[in-house]
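Student: Here is the input, now give the coordinates:
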Amino acid sequence: MRVLITGAGGVIGSALGEALLARGDQVVGLSRDPERAKRGAGRIAWHAWQPARERPPEEAFDGVDAVVNLVGEPLDQRWTEAAKAVIRASRITATRNLVAAMLAAPRTPGVLVSQSAVGYYGDRGEQIIDESTPAGESFDARVCVDWEAAAAEVGDEARLVVIRSAPVLTAAGGLLAGLLLPFRLGLGGPIAGGGSYMPWIGLADEVGMMLWALDTPATGGAYNATSPEPVTNREFSKALGRAVHRPAVVPIPKLAIRARFGGELADAATASQRVLPRRARDEGYAFRTPDLDAALSEALA
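Tutor: This next block holds a predicted model:
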């Protein structure tokens, strides 16, 4: 299989690319800086692409059987109006450009696996969330709705799988990387009381679900990429403290998050999302690290 990956130079894209290459597939990567990306992953065929400005080059789709769309600016920044515009364009406009290029290719790739996020659901308290739960009303929820709609513009020309991903546990970036320093200093602890449910997924399962979606013709529609064992923020904090051999008892008030990132992102960061991967489990995906302690140990190894 020849697979094109947008965001192939990122943490998840790099791991997915390596997994595909390890099993004998070919990988095409799209990057805003392909020369830099080549230095880290020379076995990938790289092409330059400015996602929010243009379609990917036609030649990038030569012989491509499937596309995995992982492009998007980080959300962990103050959500000013300018930042929101960039966040939306990096996901929605970029995905529309990608889909337009797929449809214009001499041979349309047969599969599109397009990333979304559990932010789709908004704050749900203790409600159990599965893929049938409607979207929330927060900024990140509206972005996810429009992001998924942009991917759906592929229509019947390709099988579409949308991955609503929880924060991925890896020391290389994202949520866990940002928490490691304070926790290793003994300054970590529950956020805003710790009672909110906090979805998460190990990197092996994030990649594993994407490979499963690529390989399983029966898959289609939206899937929650999150551990089948959701935990509260308090439980997560205790587990991370155990993983770094430090106490995790220093509470972090929501006011501190608001001061750092602003109220809107603070609300999203402390939202309670008790998300279950119901469709993936029902359709046969076998989780590799469903246990939080094991996932943290693997991420920090």
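Student: Please make it C-alpha for all contacts and neighbour counts, starting now.
Tutor: Will do.
Student: Quick one: neighbours of Gly178, just the number.
Tutor: Applying other Cα atoms under 10 Å, we find 13 other residues in the vicinity of Gly178.
Student: actually Thr289, sorry about that
Tutor: Neighbour count for Thr289, taken as other Cα under 10 Å: 18.
Student: How about the contacts made by it?
Tutor: Each residue near Thr289 by Cα atoms under 8 Å, 6 or more residues apart in numbering is listed here: Gly202, Ala204, Asp205, Ser227, Ala295.
Student: Most widely separated two among the residues you listed?
Tutor: Spanning the widest gap among these are Ala204 and Ser227, at 11.2 Å by Cα to Cα.
Student: Between the two, which has more neighbouring residues?
Tutor: When Ala204 and Ser227 are compared for neighbours, Ser227 comes out ahead with 25 against 21, by other Cα under 10 Å.
Student: Ala166 versus that one, what's the distance?
Tutor: 8 Å (Cα to Cα, to the nearest Å).
Student: And for Gly262?
Tutor: 22 Å.
Student: who's more crowded, those two?
Tutor: The neighbour comparison of Gly262 against Ala166 (other Cα under 10 Å) goes to Ala166, with 22 against 16.
Student: what's the distance between the more buried one and Arg43?
Tutor: 29 Å.
Student: Where do the strands of the chain begin and end?
Tutor: 2-6, 26-31, 45-48, 66-69, 111-117, 128-129, 159-165, 168-169, 197-198, 201-202, 221-225, 231-232, 274-275 (DSSP state E).
Student: Serialize these to TSV and add fields for mean pLDDT and mean neighbour count.
Tutor: Output for the strands of the chain, formatted as TSV (pLDDT from 0 to 100; neighbours: other Cα atoms under 10 Å):
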stretch	mean pLDDT	mean neighbour count
strand 2-6	98	25
strand 26-31	94	23
strand 45-48	94	18
strand 66-69	98	25
strand 111-117	98	25
strand 128-129	97	16
strand 159-165	98	24
strand 168-169	96	24
strand 197-198	95	24
strand 201-202	97	26
strand 221-225	98	24
strand 231-232	96	19
strand 274-275	98	27
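Student: Out of the contacts of Thr289, the closest to Gly13 would be?
Tutor: Among those, and counting by Cα to Cα, the member closest to Gly13 is Ala204, at 12.2 Å.
Student: Now that closest one: closest residue in space, sequence neighbours ignored.
Tutor: Arg288 (6.8 Å; Cα to Cα, 6 or more residues apart in numbering).
Student: quick one, phi/psi of the one you found?
Tutor: The phi/psi pair for Arg288 (degrees, to the nearest 10) reads phi -90, psi -40.
Student: Quick check, pLDDT for it.
Tutor: Per-residue pLDDT puts Arg288 at 96.
Student: what about the stretch 51-200 of the chain, any weak spots by pLDDT?
Tutor: Within the stretch 51-200 of the chain, no range satisfies pLDDT under 70.
Student: And the helices in the chain?
Tutor: Using DSSP state H, the helices found in the chain span residues 11-22, 34-40, 81-88, 94-104, 139-151, 174-184, 203-215, 233-244, 254-261, 263-269, 278-282, 292-300.
Student: I'd like those laid out as a markdown table, including distance to Trp49.
Tutor: Conversion of those to a markdown table gives the following (distance: least, Cα to Cα, whole Å):
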| stretch | distance to Trp49 |
| --- | --- |
| helix 11-22 | 15 |
| helix 34-40 | 8 |
| helix 81-88 | 16 |
| helix 94-104 | 10 |
| helix 139-151 | 18 |
| helix 174-184 | 23 |
| helix 203-215 | 22 |
| helix 233-244 | 37 |
| helix 254-261 | 30 |
| helix 263-269 | 29 |
| helix 278-282 | 32 |
| helix 292-300 | 30 |
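Student: got a pLDDT number for Pro34?
Tutor: 66.
Student: For beta bridges, what are the partners of Arg2?
Tutor: Applying DSSP bridges to Arg2 gives these bridge partners: Gln26.
Student: residues touching it, list them.
Tutor: Asp25, Gln26, Val27, Val28, Gly63, Val64, Asp65, Ala66.
Student: The residue nearest to Ala204: neighbouring residues, count only.
Tutor: Using other Cα under 10 Å: Arg288 sits among 15 other residues.
Student: do the same with the one 5 residues further on
Tutor: Other residues within reach of Asp293 by the criterion other Cα under 10 Å amount to 16.
Student: So for this protein, the centremost residue is which one?
Tutor: For the chain, Ser165 is the residue whose C-alpha lies nearest the centre (Cα atoms, centre = their mean; 4.5 Å).
Student: That one and Ala248: what is the separation?
Tutor: Counting by Cα to Cα - Ser165 and Ala248 are separated by 26 Å.
Student: pLDDT score for Leu255?
Tutor: So Leu255 comes in at 69 (pLDDT).
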